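A.B. asks: Sequence first, then the predicted structure, then my questions.
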There are 2 protein chains.
Amino acid sequence: MISQTEENYLKALYSLTYLKGDANVNEISKRLDIKMPTVNSMMKKLADKGFVHYESYKPLRLTEEGKKEAALIIRKHRLTEMYLFQKMGFAWDEVHQIAEQVEHIHSPEFFSKMDELLGYPTVDPHGSPIPDQNGVMPLENYVFLNTCKAGDMVTLMAVQPSSKELLQYLTAKNLELGTTLTIKSIEPFDESLTVAYKDRPIEVLSSKVTSTLLVRVITGLA
Amino acid sequence: MISQTEENYLKALYSLTYLKGDANVNEISKRLDIKMPTVNSMMKKLADKGFVHYESYKPLRLTEEGKKEAALIIRKHRLTEMYLFQKMGFAWDEVHQIAEQVEHIHSPEFFSKMDELLGYPTVDPHGSPIPDQNGVMPLENYVFLNTCKAGDMVTLMAVQPSSKELLQYLTAKNLELGTTLTIKSIEPFDESLTVAYKDRPIEVLSSKVTSTLLVRVITGLA
DNA sequence: TTATTTTGTTAGTTTAATCTAACTTGTTAG
DNA sequence: CTAACAAGTTAGATTAAACTAACAAAATAA
């Protein structure tokens, strides 16, 4: 059996390694606000259990088994978020805290019932993909907004990572999932973007914001 | 903060003391399948925290604070059962296991949303009363079926305690909450009851069964 | 009422998950 | 290229929640 604590480490490692393939002890330590020696010994334990590739002083990677476990926890998290949002009427910035707890419930029936009632969704309320029952992430080809070029038209697909503060900021800016933005210009000095969307012809987004927004590119000038 | 483990002890003590006022270490030990010394030290800890009246070799009682805490956990459990049953389509013998886990979630909003969506129910799918937000059990004046007299007409209100096996037995007998039964006779030797209900003119219920069925008496001969 | 059994308690051990302090390895800036 | 800093590791302590073994008190039966 896998403990809630272990599940949290797996989840952290999954999201830290998702884009670049590996992560280090220090990153997990910061992410979970747990001291490095604690993380270190947990990584050894998870390696013993076959979930993590661990070698002294080398970056950490999940095994295939570990990836699957982690994806299944993330599946439970995102299904829960979607359920809270769609079926219970919570706002999209309220669902995360609750889902953090619900994701640890052991009951395949509970989550497959949610899945069924939701009509088998493929994304959560933040646009993040929901892994399938086998822990496989659905295909996606999103890019971060800060990697786009001036003139690109893009649709906001996901927010990653999505802090409560950020979600409230986006709500205040009237920026929601599915919103289509046109990139007017990019300020070379601080990489801030001037964009237009909906009824807002000029909005400036800092790189702190654009580096968390995942978008699908609709048209580019090139 | 109160741990999940502590919550489980409080809940056990609450239900053991509900009818007779106190309980002993051995009963909790059996109920939770945890050895007596462990229970003993947990009772001291809960006494330190102000939830339990503890004196060596004396029966255990909950403080008012402890009763409130326990009732609020039971509230979360029963709201969850009702939600699973009414809003998610689970059968009444499937909801307990899931609710055992969901009851430990810390999120007042989550449970008050359930409450709202359910229309502020006062009983769970087994007919057990749901305490209010202040931990107060709603009034109830049910009696166990084995305390009734021949000739009584009674309505099945609750099943306590309600094991999965028992619920399946009742389902097979076509006995559900709200069913009205007429007590035809009582066998003095083993205290089994012969009853009639719905389309079943003669059914015999053992005292093992009748001692767990809570009913409201509609009419008696006396 | 004494002997036996049941129940309760104390003491000390174990495991999981955390920590701090101290040391080692790896990286980076002069 | 070496000194300093950052990151990783080891060792040992702490806390919560469980256990077993042994002893003490209370209840029960002979």
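C.D. replies: Done, it's in.
A.B. asks: just the strands in chain A please.
C.D. replies: Assigned by DSSP state E, the strands in chain A fall at A:52-53, A:61-62, A:143-144, A:153-159, A:180-186, A:193-197, A:200-205, A:213-219.
A.B. asks: Report the strands that pair with the second one, each with its relative direction.
C.D. replies: In this case it means strand A:61-62. Sheet partners assigned to strand A:61-62 using DSSP bridges are listed as strand A:52-53 (antiparallel).
A.B. asks: Show me which helix or strand of chain A is least confident by mean pLDDT.
C.D. replies: One helix or strand of chain A scores below all others by mean pLDDT, DSSP states H and E: helix A:164-172, with a mean of 81.
A.B. asks: Kindly calculate the angle that that helix makes with strand A:200-205.
C.D. replies: Relative orientation of helix A:164-172 and strand A:200-205, computed by axes from the mean of the first three to the mean of the last three C-alpha atoms, to 10 degrees: 160 degrees.
A.B. asks: Tell me which residues are up against helix A:164-172.
C.D. replies: A:92, A:93, A:96, A:126, A:159, A:176, A:209, A:212 (C-beta atoms under 8 Å, 6 or more residues apart in numbering or on different chains). Heads up, the C-betas are built off the backbone N, CA and C, glycines and all.
A.B. asks: redo that, cut-off 6 Å
C.D. replies: residue A:93 (C-beta atoms under 6 Å, 6 or more residues apart in numbering or on different chains).
A.B. asks: how about that helix: buried residues?
C.D. replies: A:166, A:167, A:170 (16 or more other C-beta atoms under 10 Å in any protein chain shown).
A.B. asks: What of stretch A:145-160?
C.D. replies: A:145, A:146, A:148, A:152, A:153, A:154, A:155, A:156, A:157, A:158, A:159, A:160.
A.B. asks: Span of it from start to end?
C.D. replies: Stretch A:145-160 has an end-to-end distance of 11 Å (C-alpha to C-alpha, to the nearest Å).
A.B. asks: could you give me the average pLDDT of that stretch?
C.D. replies: Model confidence over stretch A:145-160, given as mean pLDDT, is 89.
A.B. asks: give me every residue that touches the most centrally placed residue in chain A.
C.D. replies: Centroid check for chain A by C-alpha atoms, centre = their mean gives residue A:160 as the closest residue, at 4.4 Å. Neighbouring residues of residue A:160 by C-beta under 6 Å, 6+ apart: residue A:214.
A.B. asks: ok, it to residue A:111 distance?
C.D. replies: As for residue A:160, its distance to residue A:111 is 22 Å (criterion: C-beta to C-beta, to the nearest Å).
A.B. asks: And for residue A:149?
C.D. replies: 40 Å.
A.B. asks: tell me the contacts of the residue nearest to residue A:107 when sequence neighbours are not counted?
C.D. replies: Of all residues not flanking residue A:107 in the chain, residue B:98 sits nearest, at 5.0 Å (C-beta to C-beta, 6 or more residues apart in numbering or on different chains). The contact partners of residue B:98, taken as C-beta under 6 Å, 6+ apart, are A:107, A:110, B:84.
A.B. asks: 10 Å - rerun?
C.D. replies: Neighbour list for residue B:98: A:105, A:106, A:107, A:109, A:110, A:113, B:80, B:81, B:83, B:84, B:88, B:90 [criterion: C-beta atoms under 10 Å, 6 or more residues apart in numbering or on different chains].
A.B. asks: Same check on residue A:118?
C.D. replies: Residues counted as contacts of residue A:118 (C-beta under 10 Å, 6+ apart) are A:79, A:82, A:83, A:85, A:86, A:87, A:130.
A.B. asks: Next: residue A:111.
C.D. replies: Counted by C-beta under 10 Å, 6+ apart, residue A:111 has contacts A:72, A:75, A:76, A:79, A:80, A:83, A:102, A:103, A:105, A:133.
A.B. asks: Could you rerun that using 6 Å?
C.D. replies: A:76, A:79.
A.B. asks: if we can go back for a sec, check the contacts of residue B:98 against DNA strand D, which are close?
C.D. replies: Among the contacts of residue B:98, no residue is within reach of DNA strand D (C-beta under 7 Å from any atom of the strand).
A.B. asks: list the buried ones in stretch A:193-201?
C.D. replies: Buried residues in stretch A:193-201 (16+ other C-beta under 10 Å): A:193, A:194, A:195, A:197.
A.B. asks: Using a markdown table, please lay out the strands of chain A together with distance to DNA strand C.
C.D. replies: Formatted as a markdown table, these follow (distance: least, C-beta to the nearest atom of the strand, whole Å):
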| stretch | distance to DNA strand C |
| --- | --- |
| strand A:52-53 | 13 |
| strand A:61-62 | 16 |
| strand A:143-144 | 23 |
| strand A:153-159 | 27 |
| strand A:180-186 | 26 |
| strand A:193-197 | 28 |
| strand A:200-205 | 29 |
| strand A:213-219 | 27 |
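A.B. asks: Now do the closest residue to residue A:91 other than its chain neighbours, the pLDDT please.
C.D. replies: Spatial nearest neighbour of residue A:91, excluding adjacent residues (C-beta to C-beta, 6+ apart): residue A:85 at 7.7 Å. Reported pLDDT at residue A:85 in the predicted model: 97.
A.B. asks: close enough to count as contact, residue A:85 and residue A:95?
C.D. replies: Yes. Residue A:85 lies in contact with residue A:95 (C-beta atoms under 6 Å); the separation is 5.5 Å.
A.B. asks: what about these two, which has more around it?
C.D. replies: More crowded of residue A:85 and residue A:95, by other C-beta atoms under 10 Å in any protein chain shown: residue A:95, with 26 against 19.
A.B. asks: can you tell me which helix in chain A is longest?
C.D. replies: Longest helix of chain A, by residue count under DSSP state H: helix A:64-86.
A.B. asks: what's stretch A:198-212 in contact with?
C.D. replies: A:144, A:145, A:146, A:159, A:191, A:192, A:193, A:194, A:195.
A.B. asks: any chance of the residues you listed in CSV, with distance to residue A:26 too?
C.D. replies: Listed next are the contacts of stretch A:198-212 as CSV, based on distance: C-beta to C-beta, whole Å:
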residue, distance to residue A:26
A:144, 23
A:145, 27
A:146, 24
A:159, 25
A:191, 26
A:192, 29
A:193, 30
A:194, 36
A:195, 34
